[in-house]
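Enquirer: With the input below, show me the fold.
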Amino acid sequence: MISRLNEWRQALGAYAHPRVRGMLFLGFSSGLPLMLVFSTFSFWLREAGVERSLIGFISWVALAYAFKWVWSPLVDRMPLPVLTRLMGRRRAWMFFSQIAVMAGLAGMALSDPQQDLMRLVGFAVWVAFASATQDIVIDAYRIESVDLDLQGAMASTYMVGYRLAMILGSAGALGIAAVFDPTETAYEQAPWMAAYGIMAALMGVGVMTTLAIREPEVVGAAASEAREARVEAVLARVAHWPPALRQAVGWLYGAVIGPFADFIRRYRWRAVLLLALIATYRISDIVLGVISNVFYVDMGFTKAQVAAITKVFGVIMTLLGTGLGGLLVVRFGVLRILFLGAALAAGTNLLFSLLAQVGNNVPLLTLVISADNLSAGIATAAFVAYLSGLTNVAYSATQYALFSSIMLLLPKFLGGFSGVMVDRLDYPLFFVVTALMGVPVLVLIWLAARYAPVQKEDTTDA
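Expert: Just a heads-up that it's a prediction; the model follows:
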C-alpha cells in the first residue's frame with residue numbers, strides 16, 4: 001500500500017518541474033487560435049446566414065494544421081534575421097508566429113462575412129498558417145526541454161493550457177459576442193468584432209511567455225551526432241559536385257529527408273501501422289467538431305447558453321480530463337490510456353445523437369459538453385505523450401509536425417463534408433456514424449501495442 005502511494009506521489013511530483021509548469025502558458029498560446037478558425041468561426045458564419053454545406057468546405061481552412069510538415073524543416077533549421085541571434089532558434093520562431101496570429105485575428109475582427117466573405121476566409125487562412133507554425137516550434141521546444149520520463153507531465157500541462165484556451169476561444173468568444181449583441185434574433189457584425197479583437201489581445205499571453213522562458217538546452221546529443229554523421233555520409237557521395245549544390249543537398253537531407261528516413265529506419269514495416277493509427281486517432285471528435293456549433297445553432301441554443309455551459313462544466317471537465325490523462329499515463333503507461341481515450345471519445349458522440357433526438361434541452365446539453373470535454377482531455381493528453389515518445393529529438397520539429405499533421409489530415413478532410421453528411425443523414429444518424437469511425441482506432445492501438453512498441457532514437461552511424 002505504501003509503495004503504491006509513493007508511486008502516485010512520484011507521478012504527481014513531475015508537475016513541480018519548472019519546464020512542466022511553463023508549458024501551461026505555451027499550451028494556452030497554441031490552443032487559442034484553433035477554435036477561432038474552426039467551430040467558433042462556423043458559429044459566426046452560420047449566424048451570418050452562410051449555408052451549412054459551404055461552412056463545411058470553409059472548415060478546410062484548418063487543413064493548414066495538417067500540412068505543417070511541409071514547412072516544418074524551415075522552422076527546424078532556418079534562422080530568422082535578428083530574432084534568432086537575440087532570442088535563440090526556438091524562441092525566435094515562437095515570437096514571430098505569435099505576432100502573426102495576433103495580426104490575423106485582428107484582420108478577422110475587422111471583416112464581415114455578409115460584406116466580404118472571401119476577405120474573412122483569407123484572414124482565417126493566415127491565422128491557421130501562423131498558428132500551425134507556432135505549434136511546430138512549441139512542440140519542438142516541449143520535446144527538447146526535458147527527458148522522456150517527463151514528457152507525460154509536459155503533455156498534460158500543455159494540454160491543460162491548450163484545452164482552457166480552446167474553451168476561451170469557443171465559449172469565451174461566444175460569451176463576449178453575446179454580451180455585445182443587442183439582440184439574438186438578428187445578425188450583427190459588431191459583437192464578433194469585439195470577440196475576435198479581444199482574442200487577438202489575449203495572444204499576448206504567449207508573447208510574454210516566450211520573452212520570459214529560456215531557450216532549451218541541447219538534449220539527445222548522441223542522436224544529433226548520428227544525424228550529422230548521416231549528412232556527412234551523403235555529402236561524401238557527392239563530393240565531386242559544385243560546393244553550392246553540395247551544400248543544398250546536405251541541408252535538404254538533414255532537414256527534410258533525414259526525419260522521414262529516421263522514422264522508417266526505426267520502425268520499418270511497422271511504420272505503416274503507426275501512421276495509420278496516427279491518421280485516425282482523432283477522427284471521431286474532429287469530424288463531429290466541425291459541425292458541433294452549427295448543430296447548437298440549429299437546435300435553438302443561444303450563444304449565451306452554449307458559452308455558459310462550456311465555461312463552467314467544460315472547464316471543470318477539461319481540467320479533470322487533461323490532468324487525469326497525464327497522471328494515468330505516468331502511472332499506467334501511455335498505450336492503455338491511449339485505448340481508454342479513444343473509446344471514450346468515440347462513445348461520447350452517441351450522446352450528441354441523443355441530444356439531436358431530444359432537441360433543445362439544456363440539462364442534456366450540459367451532460368454532452370461535460371462528457372465530450374472529459375473524454376477529449378484524457379485522449380489528447382495520452383496522444384500527445386505517445387507522439388512525443390515516437391519523436392527523435394534530433395528531428396523534433398519536423399517529425400512531430402509530420403505526426404500531428406497526419407493526425408489532422410484525414411479527419412479535417414472528412415470534416416469538410418460534414419455539412420453535406422448532415423443534409424443527407426440528419427443529425428442523429430450522422431453522430432452515430434462518427435462514433436463508429438472510432439472502432440477501427442481501437443484495433444490499431446491493440447496492434448501497435450503488440451507489434452510496434454516505442455523505439456529509442458537510433459544513435460548509430462549511417
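Enquirer: Pull the contacting residues for residue 185.
Expert: In this structure, residue 185 makes contact with no residue, judged by CB atoms under 8 Å, 6 or more residues apart in numbering. All C-beta spots, glycine's among them, are computed from the backbone N, C-alpha and C.
Enquirer: Name the SS class of it, please.
Expert: In the three-state summary, residue 185 is assigned as coil, counting by DSSP: H, G, I helix; E, B strand; the rest coil.
Enquirer: what's the answer for residue 53, then?
Expert: The three-state label given to residue 53 by three-state DSSP is helix.
Enquirer: Now do it against residue 68, distance only.
Expert: Going from residue 53 to residue 68 by CB to CB, to the nearest Å gives 27 Å.
Enquirer: ok, these two, which is more surrounded?
Expert: When residue 53 and residue 68 are compared for neighbours, residue 68 comes out ahead with 27 against 16, by other CB atoms under 10 Å.
Enquirer: Please report phi then psi for the more buried one.
Expert: Summarising the backbone geometry of residue 68 under the convention degrees, to the nearest 10, its torsions are phi -70, psi -20.
Enquirer: and if you look at residue 116?
Expert: phi -150, psi 80.
Enquirer: tell me the contacts of residue 347?
Expert: Residues in contact with residue 347, defined by CB under 8 Å, 6+ apart, are 375, 435, 438.
Enquirer: who wins for most neighbours among the residues you listed?
Expert: Looking at the contacts of residue 347 with neighbours defined as other CB under 10 Å, the largest count falls to residue 375 at 26 neighbours.
Enquirer: element containing that residue, please.
Expert: Following DSSP states H and E, the helix or strand that holds residue 375 is helix 362-390.
Enquirer: Can you read off the pLDDT for residue 415?
Expert: Looking at residue 415, its pLDDT is 82.
Enquirer: quick revisit: can you name the next helix or strand after the helix holding residue 375?
Expert: Next in sequence after helix 362-390, counting helices and strands by DSSP H and E, comes helix 396-415.
Enquirer: quick one: least confident helix or strand in this structure?
Expert: For the chain, the helix or strand with the lowest mean confidence is helix 2-13, at a mean of 58 (criterion: mean pLDDT, DSSP states H and E).
Enquirer: and after that helix, which helix or strand comes next?
Expert: helix 18-36.
Enquirer: That next one - contacts with which helices or strands?
Expert: Applying 3 or more CB pairs under 8 Å, 6 or more residues apart in numbering; DSSP states H and E, we find helix 18-36 packed against helix 89-109, helix 117-145, helix 151-167, helix 190-202, helix 204-212.
Enquirer: and those as TSV, adding mean pLDDT and distance to residue 339?
Expert: Shown next, in TSV, are those (pLDDT from 0 to 100; distance: least, CB to CB, whole Å):
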stretch	mean pLDDT	distance to residue 339
helix 89-109	96	33
helix 117-145	92	23
helix 151-167	81	16
helix 190-202	95	35
helix 204-212	93	33
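Enquirer: Can you say which of those helices is nearest to residue 391?
Expert: helix 117-145 (5.5 Å; CB to CB).
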